[in-house]
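*Asks:* Here you go, sequence then predicted model.
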Amino acid sequence: MSDTHAVGDAAALGELIQRYDAAWNAHDLDTILALHAPGMVFENYTAAERAEGDEVGPHIAVIFENWPDLAFQGRRQLVRDGVVVSEWTATATDRDGRRLEWDGVDIFSFEDGLISRKDVYSAAHRARVLSD
């Protein structure tokens, strides 16, 4: 795996992740996938879910189907040596109509200027109920 971003490219990586986050909030699957490297790995450790390569698009589409108002608010972003760590707070409405909020962290790796891996760790199992 080649990493074309050095420490000096931190601003470019940060901007790429901002575009990626905006696409997630817009549920814009085409833009999300355009920012992925071939063979990209999406692994959500909290949900025990993993998708790789061509499986990633359909996997994300199901997330959007299950959580039609899912949105993320970035809290902090750390960029170093071709890796981005992004802290966020998610909000969504569950099947019972409750508005939920939970915190999480994404760790991104890159290959040739695209996201090659996204590891998700969240406290979704301890979501705060905002409204019933």
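*Replies:* Good, I have the coordinates. Residues are numbered from 1 along each chain as shown.
*Asks:* Show me the beta-bridge partners of the residue lying closest to residue 58 once chain neighbours are set aside.
*Replies:* Closest residue to residue 58 apart from its sequence neighbours, by C-beta to C-beta, 6 or more residues apart in numbering: residue 51 at 7.7 Å. Placement of C-beta: from N, CA and C, glycine included. Partner residues in beta bridges with residue 51, using DSSP bridges, are residue 42.
*Asks:* ok, now how distant is residue 51 from residue 59?
*Replies:* Applying C-beta to C-beta, to the nearest Å, the value for residue 51 to residue 59 is 4 Å.
*Asks:* between the two, what contacts are shared?
*Replies:* Where contact means C-beta atoms under 8 Å, 6 or more residues apart in numbering, the residues bridging residue 51 and residue 59 through contact with each are residue 42.
*Asks:* who has more neighbours, the two?
*Replies:* Summary of the neighbour comparison: residue 51 and residue 59, criterion other C-beta atoms under 10 Å, with residue 51 having more neighbours (18 against 15).
*Asks:* And the least confident helix or strand in the chain by mean pLDDT, what's buried?
*Replies:* For the chain, scoring each helix and strand by mean pLDDT, DSSP states H and E identifies strand 128-131 as the least confident one, at a mean of 82. Across strand 128-131, burial judged by 16 or more other C-beta atoms under 10 Å covers no residue at all.
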